[in-house]
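Q: Below are the sequence and a predicted model for it; my questions follow.
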Amino acid sequence: MRKLRMMLAPMSLALLITGCNQKTSDTADSVKSETTDLASDASVGVSEAAADVKEALTPTPTGAEFANKAAKSDAFEIAAAKLAEDKAALPAIKKFAAMMITDHTGSTAKIKKAAAAAEPAITPDPTLTDDQNSKLADLGKMSGADFDKAYVDGQIDAHKDALNLMTVYADHGDVPGLKTAAAEIKPKVQMHLDAIKAIKAKLP
């Protein structure tokens with residue numbers, strides 16, 4: 001009996017150590033998971049706070065200013081997307097570009113309709129800015145992976161600006177029809193921004 005107890009003692013100790021190690025591992029995994037979740041929540045909180053600050057510091061454009069900015073933004077997105085359909089290497093970017101053409105053609109029509117119904121009527125000016133023309137010219141000189149990176153980075157910046165424009169006017173605009181249009185377009189712009197950020201995360 002004594003011999004049996006002596007044989008079992010090391011086994012019991014081994015099981016105890018294994019159990020302790022497993023518990024320690026489980027605790028470490030739990031702490032790691034909670035830390036990751038907290039970091040993610042903090043990142044989202046910082047992004048939302050930054051967006052709130054940017055909106056607060058952005059003066060509300062007049063109806064005509066908003067319509068012109070929206071028209072130029074749409075025209076730029078469509079032109080850049082047409083380049084992407086031809087020059088991008090990644091299928092995901094080509095698919096995104098096709099969505100840009102469809103959605104921004106739709107938002108152009110929505111803004112035009114609301115602007116025409118305003119009193120007095122507003123005629124949006126889609127003429128691209130010098131900066132937009134310069135960006136398109138630079139994109140036109142690229143292809144493949146270089147184009148993909150430049151296009152994706154440019155789209156993130158452009159959609160951040162567009163989202164801020166729609167948010168500010170939807171919240172504080174002075175032309176009811178355009179204000180409604182901005183509120184309707186805003187979720188789609190947010191969706192575009194999320195989609196292009198997801199593509200950027202997968203770039204080689």
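A: Right, received. Where do you want to start? Numbers count the residues shown, from 1 in each chain.
Q: Helices along the protein, start to end?
A: For the chain, the helices defined by DSSP state H occupy 2-57, 63-87, 91-117, 130-140, 144-172, 176-201.
Q: Ranked by average pLDDT, which of those falls at the bottom?
A: Sorting the helices of the chain by mean pLDDT places helix 2-57 lowest, at a mean of 48.
Q: Name whatever forms a beta bridge with Ala88.
A: Applying DSSP bridges to Ala88 gives these bridge partners: Gly144.
Q: So what's the residue count around it?
A: The number of residues packed around Ala88, counting by other CB atoms under 10 Å, is 23. Quick note: C-beta positions are derived from backbone N, CA and C, even for glycine.
Q: Please apply the same query to Pro59.
A: 8.
Q: Ala137 now?
A: 9.
Q: Contacts only, for the spatially closest residue to Lys110 that is not a sequence neighbour.
A: Nearest non-adjacent residue to Lys110, counting by CB to CB, 6 or more residues apart in numbering: Ala181, 5.0 Å away. Listed by CB atoms under 8 Å, 6 or more residues apart in numbering, the contact set of Ala181 reads Lys110, Ile111, Lys113, Ala114.
Q: same thing with Pro61?
A: Lys69, Leu165, Val168, Tyr169.
Q: Just the closest of those residues to Lys135, please.
A: Lys69 (15.8 Å; CB to CB).
Q: any idea how far Ile199 is from the nearest residue to that closest one once chain neighbours are set aside?
A: Spatial nearest neighbour of Lys69, chain neighbours left out: Leu165 (5.7 Å); criterion: CB to CB, 6+ apart. Using CB to CB, to the nearest Å, we find Leu165 at a distance of 22 Å from Ile199.
Q: Pretty sure Ala150 sits against Leu139.
A: Yes - in this structure, Ala150 is within contact of Leu139 by CB atoms under 8 Å, at 6.0 Å.
Q: Wait, Asp148 touches Pro91, no?
A: No - at 10.8 Å, Asp148 does not count as touching Pro91 under the criterion of CB under 8 Å.
Q: neighbour count winner among these two?
A: Under the criterion of other CB under 10 Å, the comparison of Asp148 against Pro91 puts Asp148 first, with 23 against 8.
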